[in-house]
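Visitor: Quick one, fold the following:
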Amino acid sequence: MEKKIGPPSELNKISGVTWELPVSYKDGMKVPGRVIANDEIMKSMEEGLFNQLSNVANLPGIQKYAICMPDGHIICG
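Guide: Model prediction:
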């Protein structure tokens, strides 16, 4: 099975290295997802990362954002 590489079309660039995955990306997202990455890194990210980010944005008690660092680690914010 081939992995899809690159950001989903729903991802919005909000500053030089900050991107936002809106709550409309997946049902149940309580907060947006934020990705911190430059353009080159963003182009190399796999689809699974965005699915994981949207899953974290579904967690109970999450407050502001689900955040993905450039190395793919995802944290709650």
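Visitor: All the helices of the protein, residue numbers only.
Guide: 39-44, 47-56 (DSSP state H).
Visitor: Including mean pLDDT, distance to residue 65 and mean neighbour count, could those helices go into TSV?
Guide: C-beta: built from backbone N, CA, C; applies to glycine. Formatted as TSV, these follow (pLDDT from 0 to 100; distance: least, Cβ to Cβ, whole Å; neighbours: other Cβ atoms under 10 Å):
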stretch	mean pLDDT	distance to residue 65	mean neighbour count
helix 39-44	93	17	12
helix 47-56	95	9	17
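Visitor: Residue 73 is nearest to which of those?
Guide: Closest of the helices of the chain to residue 73 is helix 47-56, at 10.0 Å (criterion: Cβ to Cβ).
Visitor: measure residue 32 to residue 3 for me?
Guide: 24 Å (Cβ to Cβ, to the nearest Å).
Visitor: Looking at those two, which is more packed in?
Guide: Taking neighbours as other Cβ atoms under 10 Å, residue 32 and residue 3 compare with residue 32 leading, 21 against 7.
Visitor: Name the nearest residue to that one, sequence neighbours excluded.
Guide: residue 20 (5.1 Å; Cβ to Cβ, 6 or more residues apart in numbering).
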